[in-house]
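K.L.:
only geometry, no sequence info:
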Ligand SMILES: C[S@@+](CC[C@H](N)C(=O)[O-])C[C@H]1O[C@@H](n2cnc3c(N)ncnc32)[C@H](O)[C@@H]1O
């Protein structure tokens, strides 16, 4: 199917121009939706409370949407797929008598990356099936309740409507939305064959409450970038991150079938303290402070804003994973740099790429907390600050400073 031709889905055409063929070739899918009753829900703080809004990505199709600002994540997965697909080739499960094969993407967001990632897995599974075997495929798109599932579901509608013969290359599957927190149970026991999560597990289930407590040594004060955090603040985040990862693995251990494959992709750091994860660590806070000094943003508002994002210390992750070795056999575990842009760009182009990545990730949260107008001013100034930094060399995006992403592939024993 040609998604770049005269499709009525203009946004998809624009987005997919730089996308690999696997998504452009997307064939039809059979789409259903159900709301599962959760066995155990993990509570999040209410959006708009004293604490920060939930970490959902930019919804819709506009300038700040995840749909338009997630090429970096897509490119990363494109590089990783040869590694990730190897265990899929070795999955014994497909050779057994299985009527329905279930694939889940935890932290899917509103597309289209999740569709491409899931379909890449499904195509590979189908390719590996010998003639005569034909289980049905069910793909679950899982994310927080507040996620813009409507935008995601419309991709299926558009794709189906445009595909004419309803699946020319035979990739048919039942697509299902599964809202909830991936840190709790979402699926029935022994029901999931392939579990995947890309760029989601570095969002915590909650901000550690002690960092708001003025009487606690973990109190984070007016700052919101963890590069400014004390050791006690980092310890509070690290503890929450360990609990979350354990809860995630516990839930998946219950939900996955023996022999099922799990692929996890999330941000990590190699130095425990000071916390540093990328070249623009300090830039955001500098811009907010400037806006406070000009009276555009209230200082108290900034003080109450803390981030759910925490790139775990690699050794902490390894310890947690090792403690689950009786349930999951690690097939691969490696750290790769995340390139925000290709080499050779001007400072202006570098700045634009960085801001695009951040817009997709943070716009919804910023708008909910600081308001739309302040957020727009923030993005404009943030971009100028980045361009200045890239031009004069005060911000460098090199091997020392890349975001680091951990890729883990494991099988359920
Ligand atoms: C950067 S997006 C990644 C989207 C997609 N997987 C990709 O690779 O482009 C991170 C997603 O994780 C989701 N997320 C954060 N915390 C979550 C949780 N506790 N349970 C499920 N999803 C969560 C966010 O809502 C967001 O959609």
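P.N.:
Yes, it's here. All values derive from a computational prediction rather than experimental measurement.
K.L.:
Spit out the contact partners of the residue in the stretch 251-400 of the chain that the ligand sits nearest to.
P.N.:
In the stretch 251-400 of the chain, the residue that lies nearest the ligand is residue 361 (5.7 Å; CB to the nearest ligand atom). Placement of C-beta: from N, CA and C, glycine included. With contacts defined as CB atoms under 8 Å, 6 or more residues apart in numbering, the neighbours of residue 361 are 57, 58, 66, 69.
K.L.:
quick one: the first one is in a helix?
P.N.:
No - when DSSP: H, G, I helix; E, B strand; the rest coil is applied, residue 57 is found to be coil, with no helix at that position.
K.L.:
ok, and the closest non-adjacent residue to it?
P.N.:
The shortest distance from residue 57 to any non-neighbouring residue, by CB to CB, 6 or more residues apart in numbering, is to residue 66 (3.7 Å).
K.L.:
okay, that neighbour: pLDDT?
P.N.:
Reported pLDDT at residue 66 in the predicted model: 89.
K.L.:
wait, what's in contact with it?
P.N.:
Taking CB under 8 Å, 6+ apart as the criterion, residue 66 is in contact with 57, 58, 59, 109, 110, 111, 360, 361.
K.L.:
OK, contacts around the fourth one?
P.N.:
Just to be clear, that refers to residue 109. For residue 109, the contacting residues are 56, 57, 66, 70, 143, 147, 152, 200, by CB under 8 Å, 6+ apart.
K.L.:
Narrow the residues you listed to just the buried residues.
P.N.:
If you count burial by 16 or more other CB atoms under 10 Å, the buried members of those come out as 56, 57, 66, 70, 143, 147, 152, 200.
K.L.:
that's a strand at residue 407, yeah?
P.N.:
Yes - according to three-state DSSP, the state of residue 407 is that of a strand.
K.L.:
surely it meets residue 336?
P.N.:
Yes - assessed by CB atoms under 8 Å, residue 407 is found in contact with residue 336 at 6.3 Å.
K.L.:
got any residues that touch both of those two?
P.N.:
Between them, residue 407 and residue 336 share the contacting residues residue 80, judged by CB under 8 Å, 6+ apart.
K.L.:
Of the two, give the one with the bigger neighbour count.
P.N.:
A direct count of neighbours by other CB atoms under 10 Å for residue 407 and residue 336 places residue 407 higher, at 20 against 16.
K.L.:
Compute the distance between the more buried one and residue 264, please.
P.N.:
Applying CB to CB, to the nearest Å, one obtains 8 Å for the distance of residue 407 from residue 264.
K.L.:
Over to residue 238?
P.N.:
If you measure residue 238 against residue 264 using CB to CB, the figure is 18 Å.
K.L.:
and the helix or strand that residue 257 is a member of, which strands flank it?
P.N.:
With the criterion set as DSSP states H and E, the secondary-structure element containing residue 257 is strand 256-269. Each strand paired with strand 256-269, and its direction, by DSSP bridges: strand 192-198 (parallel), strand 312-313 (parallel), strand 403-412 (antiparallel).
K.L.:
model confidence over that strand, on average?
P.N.:
Taken as a whole, strand 256-269 carries a mean pLDDT of 97.
K.L.:
Same question for stretch 406-413.
P.N.:
The predicted model assigns stretch 406-413 a mean pLDDT of 97.
K.L.:
Turn the contacts of residue 66 into a markdown table, columns for distance to residue 369 and pLDDT.
P.N.:
As requested, the contacts of residue 66 are arranged in a markdown table below (distance: CB to CB, whole Å; pLDDT from 0 to 100):
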| residue | distance to residue 369 | pLDDT |
| --- | --- | --- |
| 57 | 15 | 84 |
| 58 | 14 | 77 |
| 59 | 16 | 83 |
| 109 | 19 | 95 |
| 110 | 20 | 93 |
| 111 | 24 | 84 |
| 360 | 17 | 89 |
| 361 | 14 | 91 |
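K.L.:
so which of those residues comes closest to residue 256?
P.N.:
residue 109 (22.1 Å; CB to CB).
K.L.:
what are the pairing partners of the helix or strand hosting residue 335, and which direction each?
P.N.:
Assigning secondary structure by DSSP H and E places residue 335 in strand 328-338. Using DSSP bridges, the neighbouring strands of strand 328-338 in the sheet come out as strand 403-412 (antiparallel).
K.L.:
Would you agree residue 74 is in contact with residue 114?
P.N.:
No - checked against CB under 8 Å, the pair residue 74 and residue 114 is beyond contact range at 10.1 Å.
K.L.:
what about these two, which has more around it?
P.N.:
Neighbour count, other CB under 10 Å: between residue 74 and residue 114, residue 114 has more, with 25 against 19.
K.L.:
Helix or strand: which one has that one?
P.N.:
With elements delineated by DSSP H and E, residue 114 resides in helix 113-128, which encompasses its position.
K.L.:
can you state the direction angle for that helix and strand 192-198?
P.N.:
Angle of helix 113-128 versus strand 192-198, following axes from the mean of the first three to the mean of the last three CA atoms, to 10 degrees, is 140 degrees.
K.L.:
Could you pull out the buried residues of helix 113-128?
P.N.:
Of the residues in helix 113-128, those buried (16+ other CB under 10 Å) are 113-126.
K.L.:
for stretch 273-281, same thing?
P.N.:
By neighbour count, with 16+ other CB under 10 Å as the criterion, the buried positions of stretch 273-281 are 275, 276, 277, 278, 279, 280, 281.
K.L.:
Three-state assignment for the fourth one, please.
P.N.:
So the one you mean is residue 278. Per three-state DSSP, the local secondary structure of residue 278 is coil.
K.L.:
got a list of what it touches?
P.N.:
If you count contacts by CB under 8 Å, 6+ apart, residue 278 has them with 397, 401, 402, 403.
K.L.:
how does it look with 6 Å?
P.N.:
Residues in contact with residue 278, defined by CB atoms under 6 Å, 6 or more residues apart in numbering, are residue 403.
K.L.:
what about residue 63, distance to residue 375?
P.N.:
As for residue 63, its distance to residue 375 is 11 Å (criterion: CB to CB).
K.L.:
just residue 412 next, same as before
P.N.:
From residue 412 over to residue 375 (counting by CB to CB), the distance is 42 Å.
K.L.:
and stretch 93-111, how far apart are its ends?
P.N.:
Across its full length, stretch 93-111 reaches 28 Å end to end, with CA to CA, to the nearest Å as the criterion.
K.L.:
Thank you kindly, that will do.
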